[in-house]
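A.B. asks: here is my input; please provide its structure:
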Amino acid sequence: MRYCTQCILPDTRPGISLDANGVCTACHGHRDKETRIDWTAREAAFQTLVEQTKARSQGYDCIVPVSGGKDSWYQVIMANKYGLSVLAVTWRTPARTEIGQKNLEGMIQNLGVDHIDYTVSPDVERRFMKAAFEERGTTGLPMHMALFAIPIRLAVQLRIPLILWGETPQLEYGGNELERLSDTLDSDWLARHGCLESTDADYWCGKEGLTKSDLLAYQVPKDTDFTVRSVFLGAFFKWNSYQNARIAQDSGFEYGKQDLKIGTWDFADIDCDFISLHHFLKWYKFGFTRDFDNLSVQIRYGMIDRGEAIAQIREKGWQAPEQDIAAFCRFQGKPESWFWSVCEGFRNTDIWTKRAGVWYIPDFLIPDWQWT
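C.D. replies: Prediction:
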């Protein structure tokens, strides 16, 4: 493993590569945001998009996929600001938190939007999550497939011309230059990214008894007679997670230290008890934790330096979201030993080495890390 010389992300993270100076693609994305992208021109392009959308609209102008989190509040606020008629659409997690429900209800009430809360059969969710976890080492694949497919399906069926997603992932988290400067989420993007492990809904038919009918909510419509423009808001306005949280909080979004589930941000990943597992599995597969993600963003924002980030990770050490792991195992009707056994099956031996019965990562960012 090699680490970015500016932030602390390793080159094992999907989308991350290092240049000759050891600088990662996510840091290059931040450079693009600060020095290369003409945000005035991007805002003008968004205004043109709004006008084009309204010319095609037959009812709602756009769908905004929302969870009730800080970013979806920001997306709705911006859509309202530009006069778009919004239909907010949520894939309802089977493990929505109390604060997640409260914030979702607050968003609908305070921002004044119509809303669809789309629930997939919990039994289908359970079986799909089990299959994805055991076969691919990811609990988050069904979540990502649903939250992408459901808004696209509804936009086509209801003939809504625009979907307004959040950040541009490759600009924020790492990708090549072409991807960083793109504004579109389409089928090609989903095939390459989207945390779908290069699969689609059809791939999972037959696994854990899942049928094509069971997986309708996860099917992205193809060859439709209505074209939906599907764009990242972060391609038109400079994305800042802390700023989004402040803007959302001013309108009623709530969070606090008691809501922190994983990582270092108490305003993120608080809507669902299972999202922490998606991030936790990065430790086994890629050799880093959610803290690396959060602190690297803070380095880019100029809030801390690299040494301070490393010190925070050393002080915190390795932590597991034990309550969420227990909740997931209850949902699956499985003992916690099953969860840990599956995790071990996905430990990446290209980066992990075992010595005296203890797994460790040679040349880890923190030389005096306490391996257990």
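
A.B. asks: grab the nearest non-local neighbour of Lys102.
C.D. replies: Glu254 (6.5 Å; C-beta to C-beta, 6 or more residues apart in numbering). Glycine gets a C-beta too; all of them are placed from N, C-alpha and C.

A.B. asks: for the one you found, the count of nearby residues, please.
C.D. replies: Here the number of neighbours of Glu254 (other C-beta atoms under 10 Å) works out to 13.

A.B. asks: confirm that it sits in a strand.
C.D. replies: No. Applying DSSP: H, G, I helix; E, B strand; the rest coil, one finds Glu254 to be coil, outside a strand.

A.B. asks: quick one, phi/psi of it?
C.D. replies: phi -120, psi 140 (degrees, to the nearest 10).

A.B. asks: wait, it sits on Gly100?
C.D. replies: No. With contact defined as C-beta atoms under 8 Å, Glu254 does not reach Gly100; the gap is 10.4 Å.

A.B. asks: from the contact counts, what lies against the helix or strand bottoming out on mean pLDDT in the chain?
C.D. replies: Lowest on mean pLDDT, DSSP states H and E among the helices and strands of the chain sits helix 187-192, with a mean of 82. Helices and strands touching helix 187-192, as assessed by 3 or more C-beta pairs under 8 Å, 6 or more residues apart in numbering; DSSP states H and E, are absent.

A.B. asks: hmm, who's touching the next helix or strand after that helix?
C.D. replies: Sequence-wise, the next helix or strand downstream of helix 187-192 (DSSP states H and E) is strand 229-232. For strand 229-232, contacts defined as C-beta atoms under 8 Å, 6 or more residues apart in numbering pick out 49, 52-53, 152, 155, 161-169, 183-186.

A.B. asks: for the nearest residue to Thr289 once chain neighbours are set aside, grab the count of nearby residues.
C.D. replies: Nearest non-adjacent residue to Thr289, counting by C-beta to C-beta, 6+ apart: Trp283, 5.6 Å away. For Trp283, the count of nearby residues is 20 (other C-beta under 10 Å).

A.B. asks: ok, Trp283 to Gly100 distance?
C.D. replies: Separation of Trp283 from Gly100 (C-beta to C-beta, to the nearest Å): 24 Å.

A.B. asks: repeat for Ile16
C.D. replies: Ile16 is 29 Å from Gly100, by C-beta to C-beta.

A.B. asks: export only the CA atoms of stretch 263-276, formatted as PDB.
C.D. replies: Provided in PDB are the C-alpha atoms of stretch 263-276 (Å, rounded to 0.1, in the frame of the first residue of the first chain):
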ATOM      1  CA  GLY A 263     -15.900   7.900  11.000                       C
ATOM      2  CA  THR A 264     -15.400  11.300  12.500                       C
ATOM      3  CA  TRP A 265     -18.400  13.300  11.200                       C
ATOM      4  CA  ASP A 266     -21.500  13.400  13.400                       C
ATOM      5  CA  PHE A 267     -23.500  14.900  10.600                       C
ATOM      6  CA  ALA A 268     -23.000  12.100   8.100                       C
ATOM      7  CA  ASP A 269     -24.000   8.400   7.800                       C
ATOM      8  CA  ILE A 270     -26.700   8.800  10.500                       C
ATOM      9  CA  ASP A 271     -29.800   7.800   8.600                       C
ATOM     10  CA  CYS A 272     -29.400   4.000   8.700                       C
ATOM     11  CA  ASP A 273     -28.100   1.400  11.100                       C
ATOM     12  CA  PHE A 274     -26.500  -0.600   8.300                       C
ATOM     13  CA  ILE A 275     -24.500   2.100   6.400                       C
ATOM     14  CA  SER A 276     -21.700   1.700   8.900                       C
END
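
A.B. asks: show me what contacts His28?
C.D. replies: Residues near His28 by C-beta under 8 Å, 6+ apart: 19, 177, 180.
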